[in-house]
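>>> Have a look at this prediction, sequence included:
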Amino acid sequence: MRPRLLIIDGHSMAFRAFFALPADKFMTSGGAYTNAVHGFISMLATLIKNEQPTHVGVAFDAGAHTFRTEVFPQYKGTRDATPEPFKGQVALIKEVLDAMNIRYLEKDRFEADDILATWSTCAAEAGMEVLLCSGDRDTLQLVNDHVTVLYPVKGVSELKRYTPEAVEEKYGVRPEQYPDLAALVGETSDNIPGVPGVGPKTAAKWVNQFGSLTEVLNSAETIKGKVGEKLRDHLDQVRQNREINRLLTDVDLDVMPNDLTVQQWDRNKLHEIFDMLEFRTLRERLLAMMGAVDQGTHDEGGAAQGASTQIMEVAAGELAQWLSSTRQPMGLAVAGKGVPSRGTAWQIALSATPESAVVVTLDELSDADSVALRQWLMDPHYPKIVHSAKEAWHALHSFSGGVKGVIADTELAAYLAFPDQRSYGLEDLSIRYVSRDITPVAHQAQGSLDLGLDDTDDALRALANRAAVLPQLAQALDAELSDRSLTALYQEMELPLTVVLAQMEHVGVAVDLEQLRSLDAFFAHQGSEAQKAAFEAIGRQVNLGSPKQLQEVLFDQLDMPKTKKIKTGYTTDAASLADLFVKTGHPFLQHLLEYRDSTKLRQTVEGLLKSVADDGRVHTTFQQTVAATGRLSSTDPNLQNIPIRTETGRRIRQGFVVGEGLDTLLTADYSQIEMRIMAHLSQDDGLISAFQAGEDLHNFVGARVFGVSIDEVTPQMRSKVKAMSYGLAYGLSAFGLSKQLNISVGEASTLMDDYFTRFGGVRDYLTSVVARARTTGYTETIMGRRRYLPDLTSDNRQRRENAERVALNAPIQGSAADVIKQAMLGVDAAFRSEGLSSRLLLQIHDELIVEVAPGEQEIAERIVREEMAGAMQLSVPLAVSVGTGQNWHDAGH
DNA sequence: CGTAACACGTA
DNA sequence: CGTACGTGTTACGC
């Protein structure tokens, strides 16, 4: 096959992409613009796929100064300054190119065009076929039988192919004559004036009539009319234009076409950069391309191998024998539903080697095999590797009572190594860490007579592939964790915690259906009353749940003062509405706020009612691999955001009750755990003595900051230092503090200074956390849990400052998560070793909820207090407060 | 039908 | 122009 070279004009195409895609739609969560990167790489991917080049190179402009601007200072002089959102994107494009192992080049004092011209000339001479992708029409002069220009017509997705014929058809001149034509016509965007009144048609006519530009100029006298006059006036200009638009084909370059062979892409780098850019679909497109390309090669260098795991049969009655034949860690994949209390498993796949897996269908097992499998699953001495062990536990619960002996959970491991990722799909991890594509090759879709069977086959193969990749993947991830010193956190805290969480979810928390239903009715009634009143206040009906319609009412109809600006206009959030009420006193606002309150509460109650299981209990799912700080989160339903701040909201907590046959609910929470961790991490003398003194923290701090004695601290002083203390852990600014406390920025700033004067250790600690993270690239909790913060060195201020706040918060929030997780392990273990029936139900970040069995009140409370307070040895005591009651509300304190 | 934007609940 | 989450609604684009 003839070698085919694809050359891209980097800046010109990036710029086209930038204007083709909306900048605000392509932005990372950190605020970085990526539209040009996305458009450029997408275009490049399409080109590579469609054109199948053997060589690829990209040329960039080196800077504003070129030999052309030296001779013609006005060249490109009218260009506007580069748009702010475009800046920096070229650097990102280069990073992606690096990951794709595509060479790029720029050369001082030359334009990308000259590199293009040199490469294409040289390549054509060497017998290559050349594709030139550029948005600069000057490159048309390079077109010949071996060189085709791809010129963007609409955005960057549609490219027109300029062959010699196409150039001639469009401009009426042969490619090598194009610069003659362009010299006459001029180019506004490059600040090159042409002959006034002469457009492409006239210019082409002349060039054809006289044969070349030189001849046109020599014959200028003979051209009649106004245009002839204009031409004679601009002879020098046209000559100069022709000098400028001549591309150099003999620039001395370090990289030449032979150096541009297509290489394997760097999978890891590609993932890294796409993670950063938050490109999901583009990543998948490239991965798919990679797979397609890889299949054609026999290269093992990082290529994803299509997994072809052999599905093995185990004869009936021989499962026990097979299961006990090895103590090798076994990959375990479960097909079924891994939801708490309603889980089911249909099939499981087991595999200790990449080549083969045993798949069994549970309801087809003989009694003996079924027993053997159950025993094997629950035998901790048979090591298992699972992706999401908690889901497997739920899926298998009704079959075997769960699963024991899980020595590796690849989802959990991936989360600990890269806590900032959105998800940890096994397919992705497999491609990324063991270069194995586990998606089964789809069975021939057409011409097949038994499609139903194929579907089942695919599902089976997928399951087998999943199990078969696990041992290798676990090994790779173990190495990642070990490199990051996360092995202890993984094996001694997170893996054991999975089992505790699975049991908590399985047990669920009992609710009083009657109570919740009547609350629902109450909130519904309250809401409709408020709605009615709101409509009366404005004399019409609107959808009170629509911020858009509310904006119309408030700012158009009622002409109220504008609130804080948001993307879609002005905010109607509660704080602003309350503010507006103070200013206008309009009753609509009051009714609206009331409506919002009761609808929100009604939604919460209805959500709960919908999730009550047949056993009369609510089974939440605790997400162990979501929060980047190491916290748990709760979904389906979220039981970590049940209202507590208002009296009406608290009534919902009365609906969570102690289950039948049990005695009480016990809630236990850490008081001020984040400030205690701050004291421990900062080793600030003042803060440490505050906690050791056992005084009310905020009074103590207030006394120090304001220079008074503790009993002289007023409530105002207390609330100020309280806000300050809490804000510290979030990277609070003077501006933010002033806004929260409704004081001037100056006042807030003074407060911060006073605070830091008295608690210098805190200030030093906060500074050092950021500084350290900047050098190491990550923050660390007490247990060594890491959070990586590449943005700390970003050029983008918004991104950088955001990363700094994250760096301040992550060790505090994350260490608090470490502490309570340790406490949960302790409480669970102690309940078991004491043979209690009491059990953990919920965790709400700094609080544990326990259901206490009859007669266990005293010992359960003692265990909870001891295990929580003693979870870790810090420089300050961990204070725990406990309450009990028949429902969550009454158990609170 | 899926996703973004908004608003709001918790620690 | 303080962190970390999840959910329900509306609006809008495919």
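The structure has been received and is ready for your questions.

>>> Surely residue A:353 is within a helix?
No - counting by DSSP: H, G, I helix; E, B strand; the rest coil, residue A:353 is not found in a helix; it is coil.

>>> Helices along the stretch 301-450 of chain A, start to end?
Using DSSP state H, counting those that start in this stretch, the helices of the stretch 301-450 of chain A run over A:319-323, A:367-378, A:389-400, A:410-417, A:426-434.

>>> could I get those helices as a markdown table with mean neighbour count?
Where you see a C-beta, it was placed from the backbone N, CA and C, and this is true even at glycine. Shown next, in a markdown table, are those (neighbours: other CB atoms under 10 Å):
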| stretch | mean neighbour count |
| --- | --- |
| helix A:319-323 | 17 |
| helix A:367-378 | 17 |
| helix A:389-400 | 24 |
| helix A:410-417 | 25 |
| helix A:426-434 | 21 |
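
>>> Tell me which of these lies nearest to residue A:622.
Nearest to residue A:622 among the helices of the stretch 301-450 of chain A is helix A:389-400; the distance by CB to CB comes to 8.1 Å.

>>> coming back round to it: using JSON lines, please lay out the helices of the stretch 301-450 of chain A together with distance to DNA strand B and mean pLDDT.
Listed next are these as JSON lines, based on distance: least, CB to the nearest atom of the strand, whole Å; pLDDT from 0 to 100:
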{"stretch": "helix A:319-323", "distance to DNA strand B": "39", "mean pLDDT": "95"}
{"stretch": "helix A:367-378", "distance to DNA strand B": "34", "mean pLDDT": "97"}
{"stretch": "helix A:389-400", "distance to DNA strand B": "21", "mean pLDDT": "98"}
{"stretch": "helix A:410-417", "distance to DNA strand B": "19", "mean pLDDT": "96"}
{"stretch": "helix A:426-434", "distance to DNA strand B": "16", "mean pLDDT": "89"}
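
>>> which bits of the stretch 451-600 of chain A sit near DNA strand C?
A:543, A:545-546, A:548-549 (CB under 7 Å from any atom of the strand).

>>> again, but for chain A
So chain A meets DNA strand C at A:543, A:545-546, A:548-549, A:603, A:607, A:610, A:623, A:626-629, A:631, A:633-638, A:640-641, A:723, A:726-727, A:730-733, A:735-736, A:739-740, A:801-802, A:805-806, A:809-810, A:813 (CB under 7 Å from any atom of the strand).

>>> okay, the helices of the stretch 301-450 of chain A in CSV with distance to residue A:784 next?
Conversion of these to CSV gives the following (distance: least, CB to CB, whole Å):
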stretch, distance to residue A:784
helix A:319-323, 36
helix A:367-378, 32
helix A:389-400, 21
helix A:410-417, 10
helix A:426-434, 22
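
>>> Of the ones you listed, give the one that comes closest to residue A:167.
Closest among these, using CB to CB: helix A:426-434, at 43.4 Å.

>>> packing partners for the closest one?
helix A:267-277, helix A:410-417, strand A:436-437, helix A:451-483 (3 or more CB pairs under 8 Å, 6 or more residues apart in numbering; DSSP states H and E).

>>> Contacts for stretch A:590-608 next, please.
Contact with stretch A:590-608 is made by A:511, A:516, A:519-520, A:523-524, A:526-527, A:530-531, A:533-534, A:537, A:544-545, A:550, A:574, A:577-578, A:581, A:618, A:637, A:642-643, A:646, A:648-649, A:652, A:655, as judged by CB atoms under 8 Å, 6 or more residues apart in numbering.
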